[in-house]
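Sequence plus the predicted model coming up.
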Amino acid sequence: MIIGILKEPQGEARVSMLPEAVKTLLSWNTEVWVESTAGDSAYASDSTYESAGAKIKNRQDLLSQSDILIGIQAIPTDEIGTMKAEAVWFGQLNALYSPELTKYLIEHKRTAFSMELVPRTTRAQSMDVLSSMATVSGYKAVLMAAGLLPRFFPMFMTAAGSITPARVLILGAGVAGLQAIASARRLGASVFAFDVRQAAKEEVLSLGAKFVDVEGAKEDKGAGGYAVEQSEDFLQRQKDTIHEHAMKADVIITTAQIPGRKAPLLVEERTVKSMKPGSVIIDLAASSGGNCALSQPDQTVEVNGVRIVGVGNLAAEMPQDASKMYGKNYLNFLKLIIKDGALDLNFDDDIVKGTCVCHAGEPISERIIQMQNA
């Protein structure tokens, strides 16, 4: 069985697996092909892959002959058409946000797994690429904010007087938010954090931040740890509370997203205009609609002296460790479907079923089926 590792498109510095992961795949009685220069942006050369036991191939050979194709970003449909009919494709396909791609895969009876669909369960934690990449994004967001802010993060006692610590507001205390809290605290900032999930409060406090509480949030135990849509009354009280804290903040980092839906609006235009000149907003949800009303995907805009950074793929800014984490997630997942060097798709396994977009012309994941029926 041939496992092919694809080169990512221009602008994506990560690679789905580093040479260290190749050695593990080979120990499972598989053959590993790597597209030429696939790892260059992550500082993994072709010769390093070859030393690990992989074979370097061109893209056409990889697409047409691999039994399993592994990547990160989705590839064009014309390239999907050149894959072996029975090939299994893995990537972060954003299947819930890409109905046309999902429809194509089903109509052409392809087998595809979209790694952002990995269930948020204890057993699946080691395969959760969203959590891995959110760790990178939360960390990098704080460093980005610190670089843009025209003042220090920590408190300083100097001969020229005292410098008060920067005040940082984190919106959303999932993996990215918690990493942002921890990183901002390590830099010495005074940190406040908001999340609609009361379960996040204890984690926020344990990291040394203050929890911004808005009573009356709706929670769903079946949401897999994600936030859910809230009532209009709660949303207005939430915006008012955030507005009050934002006026005092030097930095706001927003991380709140709802799978398959537009990101919730947390920072209104009036809020931005009430913030101190020189303040910075890093919007990690910009690609799915944005938590800030004025953010633009992959752009930095300035309003009344407040810089708003609409972050897209921040994990690609740290390609070595991001690729290492991504590859480890893949290895842990592939253990479920590779047995004695052969493919074994067991859809009775909740992780395999939950992550599979489609197989043999049928949608498999319940979340994909729900999207199809919506």
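Here it is on my side, so go on.

what distance separates stretch 122-136 from the centre of its chain?
Its chain's C-alpha centre and that of stretch 122-136 lie 9 Å apart, by CA atoms, centre = their mean, to the nearest Å.

Need the residues that contact it.
92, 115-116, 118, 120, 174-176, 179, 255, 314-315, 317-318, 321-322, 325-326, 328-330, 332-333, 351, 354 (CB atoms under 8 Å, 6 or more residues apart in numbering). C-betas here are computed from N, CA, C, even on glycine.

what separates the closest residue to residue 312 other than its chain neighbours from residue 246, distance-wise?
Spatial nearest neighbour of residue 312, excluding adjacent residues (CB to CB, 6 or more residues apart in numbering): residue 298 at 4.4 Å. Per CB to CB, to the nearest Å, residue 298 is found 23 Å from residue 246.

of these two, who's got more company?
It is residue 246, of residue 298 and residue 246, that has more neighbours when counted by other CB atoms under 10 Å, with 25 against 12.

now that one: how far from residue 154?
21 Å.

who's in contact with residue 358?
Neighbour list for residue 358: 102, 105-106, 110-112, 364, 368 [criterion: CB under 8 Å, 6+ apart].

In helices, which of those appear?
When DSSP state H is applied, these are split such that 102, 105-106, 368 fall in helices.

Most widely separated two among those residues?
105 and 368 (9.7 Å; CB to CB).

Now the common contact residues for these two.
357-358.

Point out where the stretch 251-374 of the chain drops to low pLDDT.
Within the stretch 251-374 of the chain, the ranges that satisfy pLDDT under 70 run 260, 374.

let's see it at 90
Scanning the stretch 251-374 of the chain for pLDDT under 90 picks out 256-264, 287-288, 311-313, 340, 370-374.

swap in the stretch 101-250 of the chain?
Residues of the stretch 101-250 of the chain that meet the cut-off, pLDDT under 90, sit at 120, 158-161, 196-199, 213-239.

Mind jotting down where the helices sit in it?
For the stretch 101-250 of the chain, the helices defined by DSSP state H, counting those that start in this stretch occupy 129-148, 175-186, 199-206, 232-246.

And the nearest residue to residue 149 once chain neighbours are set aside, its phi and psi?
Leaving aside its sequence neighbours, residue 149 sits nearest to residue 280 (CB to CB, 6+ apart; 5.3 Å). Dihedral pair for residue 280: phi -130, psi 140, per degrees, to the nearest 10.

Contacts only, for residue 280.
Residue 280 makes contact with 145, 148-149, 250-252, 306-307, 309 under the criterion CB under 8 Å, 6+ apart.

Same question for residue 188.
152-155, 165.

If you rank those residues by neighbours, which is first?
The most crowded member of the contacts of residue 188, judged by other CB under 10 Å, is residue 153 (23 neighbours).

hang on, that one packs against residue 187?
Yes: applying CB atoms under 8 Å, one finds residue 153 in contact with residue 187, separated by 4.1 Å.

anything in contact with each of the two?
With CB under 8 Å, 6+ apart as the test, residue 153 and residue 187 both reach residue 146.

Narrow the contacts of residue 358 to those that are buried.
If you count burial by 16 or more other CB atoms under 10 Å, the buried members of the contacts of residue 358 come out as 102, 105-106, 110-112, 364, 368.

that older thread, of the helices of the stretch 101-250 of the chain, flag the one that's most buried.
helix 175-186 (a mean of 24; mean count of other CB atoms under 10 Å).

Need the residues that contact it.
Contacts of helix 175-186 (CB under 8 Å, 6+ apart): 130-131, 134-135, 137-139, 141-143, 153, 168, 170-171, 173, 191, 193, 195, 200, 203-204, 207-209, 251, 253, 255, 284.

Repeat that for stretch 295-303.
272-273, 281, 283, 286-287, 290, 294, 307-312.

Using neighbour counts, give me the buried entries of those.
The neighbour count (16+ other CB under 10 Å) marks 272, 281, 283, 286-287, 290, 294, 307-311 as buried among these.

Show me these that map onto strands.
Using DSSP state E, the subset of the buried ones among the contacts of stretch 295-303 located in strands is 281, 283, 307-310.

Now render those residues as TSV, adding distance to residue 28.
Conversion of those to TSV gives the following (distance: CB to CB, whole Å):
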residue	distance to residue 28
281	46
283	41
307	48
308	46
309	42
310	41
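
which among these gets closest to residue 61?
Of these, the one sitting nearest to residue 61 (CB to CB) turns out to be residue 310, at 38.1 Å.

Name all residues that make contact with the closest residue to that closest one other than its chain neighbours.
Distance criterion CB to CB, 6+ apart; nearest residue to residue 310, sequence neighbours excluded, is residue 286 at 3.3 Å. Contact partners of residue 286, counting by CB under 8 Å, 6+ apart, are 292, 295-298, 310-312.

between those residues, which is nearest residue 65?
Closest to residue 65, out of all of those and judged by CB to CB, is residue 312, at 32.6 Å.

What is the neighbour count of residue 257?
For residue 257, using other CB under 10 Å, the count is 23.

where does it fall, phi/psi-wise?
Phi and psi for residue 257, reported as degrees, to the nearest 10, are phi -140, psi 150.

Name the SS class of residue 24, please.
helix (DSSP: H, G, I helix; E, B strand; the rest coil).

distance of it from residue 172?
Distance of residue 24 to residue 172, given as CB to CB: 34 Å.

which of the two has more neighbours?
residue 172 (29 against 18).

just checking, that one touches residue 252?
No: taking CB under 8 Å as the definition, residue 172 is not a contact partner of residue 252, at 10.9 Å.
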